[in-house]
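> coords please:
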Amino acid sequence: MNVHVPDCYLVDDLLIFGDITRGVICQGMDVSMPDQTNVEVDVLNALESDLRTFLANLQEGERLQVQFYKDSDYGRELEAIRRLLTKAICAGLAGGTGQSAMSVMSSGWKATG
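Numbering: from 1, shown residues only. Prediction:
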């Protein structure tokens, strides 16, 4: 991925790269998608269909540049694991042997329910 941002001019929400008379004019957008973890399959399929339609409608001479970033905040997932682990220990899934939480996690326990 190219991390160098070329010089450009900003004019009325447009980006102009290169010479102002022969450069490239474009518009930048930031599209933030909400979390798709619990979305129904039909909704995901409709989103994919819409994206395919958008890409198919690009005309000759038009360009599209996409940069994708994944959020690295796994706090929600880690909190869910902590809750499951606490529930497992409280329910006695540790076998009543006084095992530590780390040994229960590393032994590959499975929470049921």
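
> now residue 88: which helix or strand?
According to DSSP states H and E, residue 88 maps onto helix 75-90.

> and that helix, what does it pack onto?
Under the contact definition 3 or more Cβ pairs under 8 Å, 6 or more residues apart in numbering; DSSP states H and E, helix 75-90 sits against helix 101-106. From N, CA and C alone the C-beta is placed, and that goes for glycine too.

> name the residues of the helix holding residue 88 that are buried.
84, 85, 88 (16 or more other Cβ atoms under 10 Å).

> what's the spacing between the last one and residue 69?
For residue 88, the distance to residue 69 equals 34 Å [Cβ to Cβ, to the nearest Å].

> likewise for the second one?
Between residue 85 and residue 69 the distance is 30 Å, computed by Cβ to Cβ.

> could you list the low-confidence segments of this protein?
1-6, 93-113 (pLDDT under 70).
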